[in-house]
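Trainee: Sharing a model prediction with you, sequence too.
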Amino acid sequence: QEVTVSLTAGDAVEHDFVIEGASDVATAGQESHGEAGHDIPPEDLVVVHADAGQPAHGTFTINEPGTYTIYCSVLGHRQSGMEASLTVLGDG
């Protein structure tokens, strides 16, 4: 099932929504490997990036059940707690 993510970044800082280790099992509506200067491994999937002061929307679909880590790749954000778990359930 396709999921939509909506971000609104504050006036002074950008944000993004990245799924760790999902590039082989997921697709994003606007696939990319992040903004210049972000250190995002190729196995991670960038779903959406919001520039400072701007809203942004992205979609993704994960084809394999499991628990995935989602995070913001902006320098220092993940280290300060912008990380969570996403659980995908199988059919049935």
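Mentor: That came through fine.

Trainee: can you list the residues that contact the longest strand anywhere in the chain?
Mentor: Using DSSP state E to define each element, the chain has its longest strand at strand 55-62. For strand 55-62, contacts defined as CB atoms under 8 Å, 6 or more residues apart in numbering pick out 1-9, 17, 19, 22, 25-30, 45, 47-50, 68, 86, 88. Any C-beta I mention is one placed from the backbone N, CA and C, and that applies to glycine too.

Trainee: The same query, at a cut-off of 6 Å, please.
Mentor: 2-8, 26-30, 47-48, 50, 88 (CB atoms under 6 Å, 6 or more residues apart in numbering).

Trainee: what about this protein, any weak spots by pLDDT?
Mentor: 30-37, 92 (pLDDT under 70).

Trainee: Strands of that one, start to end?
Mentor: Under DSSP E, the chain gives strands at 3-8, 15-19, 26-28, 45-50, 55-62, 66-71, 83-88.

Trainee: can you put those strands in TSV and add distance to residue 38 and mean neighbour count?
Mentor: Below are the strands of the chain laid out as TSV (distance: least, CB to CB, whole Å; neighbours: other CB atoms under 10 Å):
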stretch	distance to residue 38	mean neighbour count
strand 3-8	15	14
strand 15-19	7	24
strand 26-28	15	18
strand 45-50	8	24
strand 55-62	15	17
strand 66-71	11	16
strand 83-88	15	12
